[in-house]
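Asker: One predicted model, sequence on top.
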Amino acid sequence: MKQRHRCTQSGSTLIELLVASLIGVFLLYGALSVLLGSRLSYQFQQSASDVESRGHLALALMAEDIRAAAYSGCGADDASVLSAVPAIQQQAWSDQVLSGSEGSGLLPGEPLDLYGLSISNGSPLGVPVLASSDMILLGKALPYVMGIDSVTVAPPVLRLQADPATLSGFPDNTESDPSRVLLISDCVYNLAVRAVSFSPGGAVDLDASTDLGALSVLTAMDQPQAVMFDFMAYYLAIPSGRSRPSLYRKQIGSDGVSAPGEELVPGILNLQFLYGENIDSRPSADRYLSAADVEDWANVVSVRIYMLVESEEESSGGPGTGFTYFGVSYQPEDAGDRRIRRAFSTTVTLRNRMSGLALNAGQ
């Protein structure tokens, strides 16, 4: 007799399938949430790192030029420099090698509109700048020294005969505009002139409109040497086609005409300068003033920089960051956006002026 075997099948019920699917969805959601959170955290860290890097770069660029500004010849102060540069002859040398301009006159402790940006055309150079930020103008001596063998003052010939071996770093006549401001010194006399051409043989021609009375100082010098100057301005402006500001540097020619501004670092939202003024014989800054309050730029021995840097894009997750800038604390919601912002500050000593004070204090 044959036995019949019943074939039985077992499986999950519909409810069990639904429960398993729901558990899978929860696990997938958790994994995606962790992945998304990690991605947002990575983007935030990248943006914060970018803000940090750009802030340090901007400070380093400005500090290098400020530190080397305000040279007035060996063993001299600004008042001893006679300027025979036609474009700046009527201005004090101290105003040419360091000066500043206030933007909207923002003072420490006053709140800043982080998003309402406006442009002003009232800067000393007549360029459109960010209205809420300051501008600084500098004259920096370059690290090249020209030895002068002889001087010819016989109009129309106004010429220095330089030692050709000392012309390294100076322009040559292959440049479209080789003219430069030179500061000539023998540690007794100090004279600023405008050179218009440099020849490989050492002939350096001066601007034909140079005041001949000032050149009498040049003929009285004993074994003079000359250094070359770069003049520039740092300021904030909004690049064409963009809505947020950047740090700019503008070179100023020996004829006083400025070249187009060069964008250096994007995302610089605000820039303020305070100037350390020395009012006694000690080699230090006794007080810090805004540009509008500086009475004599020759007394400024240091510059304090305040700078606010922001991310170029808004943060993907959550609000932006809180910070304290120029004496005011800001919360993330104060900006009205989700950008990451950080305040930077540093104090830069004008080594040329401070070394002169130290030398005088030791006498």
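Answerer: Right, received. Where do you want to start?

Asker: secondary structure element for residue 32?
Answerer: helix 14-67 (DSSP states H and E).

Asker: I'd like the distance from whichever helix or strand comes after that helix to the chain centre, please.
Answerer: Sequence-wise, the next helix or strand downstream of helix 14-67 (DSSP H and E) is strand 81-83. For strand 81-83, the distance from its own C-alpha centre to the chain's C-alpha centre is 27 Å (Cα atoms, centre = their mean, to the nearest Å).

Asker: Work out the sheet partners of strand 81-83 and label each with its direction, please.
Answerer: If you go by DSSP bridges, strand 81-83 pairs up with strand 190-198 (parallel).

Asker: In the strand it pairs with, which residues are buried?
Answerer: The neighbour-count check on strand 190-198 (16 or more other Cβ atoms under 10 Å) flags 190, 191, 192, 193, 194, 195, 196, 197, 198 as buried. Bear in mind the C-beta positions are built from the backbone N, C-alpha and C, glycine included.

Asker: returning to that earlier point: if you count contacts, what does the helix holding residue 32 end up packed against?
Answerer: strand 135-154, strand 225-237, strand 246-252, strand 262-266, strand 300-310, strand 341-349 (3 or more Cβ pairs under 8 Å, 6 or more residues apart in numbering; DSSP states H and E).

Asker: Looking at the ones you listed, which one is packed in the most?
Answerer: strand 300-310 (a mean of 23; mean count of other Cβ atoms under 10 Å).

Asker: Go ahead and flag the most central residue of the protein.
Answerer: residue 62 (3.3 Å; Cα atoms, centre = their mean).

Asker: I'd say that residue and residue 235 touch.
Answerer: No: the criterion here is Cβ atoms under 8 Å, and residue 62 misses it with residue 235 at 10.7 Å.

Asker: Overlap in contacts, these two.
Answerer: Contact criterion Cβ atoms under 8 Å, 6 or more residues apart in numbering; residues shared by residue 62 and residue 235: 136, 247.

Asker: Could you pull up phi and psi at residue 211?
Answerer: Main-chain torsions, residue 211, degrees, to the nearest 10: phi -60, psi 120.

Asker: In contact with the residue lying closest to residue 109 once chain neighbours are set aside, which residues?
Answerer: Sequence neighbours aside, residue 327 is the residue nearest to residue 109 in space, at 4.1 Å (criterion: Cβ to Cβ, 6 or more residues apart in numbering). For residue 327, the contacting residues are 108, 109, 110, by Cβ under 8 Å, 6+ apart.

Asker: ok, residue 220 to residue 86 distance?
Answerer: 21 Å (Cβ to Cβ, to the nearest Å).

Asker: Show me which of these two is the more surrounded one.
Answerer: Per other Cβ atoms under 10 Å, whichever of residue 220 and residue 86 has more neighbours is residue 86, with 17 against 13.

Asker: isn't residue 124 right up against residue 137?
Answerer: Yes: between residue 124 and residue 137 a contact is recorded at 6.6 Å, counting by Cβ under 8 Å.

Asker: So for those two, which residues contact both of them?
Answerer: With Cβ under 8 Å, 6+ apart, residue 124 and residue 137 have common neighbours 99, 101, 233.

Asker: what ranges of this protein fall below the confidence cut-off?
Answerer: Applying pLDDT under 70 to the chain picks out residues 1-12, 34-44, 75-76, 89-90, 105, 316-319, 356-363.

Asker: any idea how far residue 328 is from residue 270?
Answerer: 11 Å.

Asker: Compare the two and say which one has the larger neighbour count.
Answerer: Neighbour totals were compared for residue 328 and residue 270, and residue 270 leads with 25 against 15 (other Cβ under 10 Å).

Asker: ok, what's across the strand from the more buried one?
Answerer: The partner residues for residue 270, given DSSP bridges, come to residue 308.

Asker: list the contacts for it?
Answerer: Contacts of residue 270 (Cβ under 8 Å, 6+ apart): 106, 112, 130, 132, 133, 236, 306, 307, 308, 325, 326.

Asker: go with 10 Å
Answerer: 103, 106, 112-114, 117, 130, 132-134, 236, 245, 306-310, 325-326, 341, 343 (Cβ atoms under 10 Å, 6 or more residues apart in numbering).

Asker: cool, residue 313 as well?
Answerer: Residue 313 sits next to 43, 47, 50, 267, 338, 339, 340 when contact means Cβ under 10 Å, 6+ apart.

Asker: hmm, 7 Å instead?
Answerer: residue 47 (Cβ atoms under 7 Å, 6 or more residues apart in numbering).

Asker: count of neighbours near the nearest residue to residue 185 once chain neighbours are set aside?
Answerer: Nearest non-adjacent residue to residue 185, counting by Cβ to Cβ, 6+ apart: residue 73, 3.4 Å away. Residues within reach of residue 73, counting by other Cβ under 10 Å, total 26.

Asker: ok, residue 73 touching residue 183?
Answerer: Yes: with contact defined as Cβ atoms under 7 Å, residue 73 counts as touching residue 183 (6.0 Å).

Asker: Overlap in contacts, these two.
Answerer: residue 190.

Asker: if I look at residue 248, how far off is residue 266?
Answerer: 10 Å.

Asker: Repeat that for residue 175.
Answerer: Relative to residue 266, and taking Cβ to Cβ, residue 175 is found at 30 Å.
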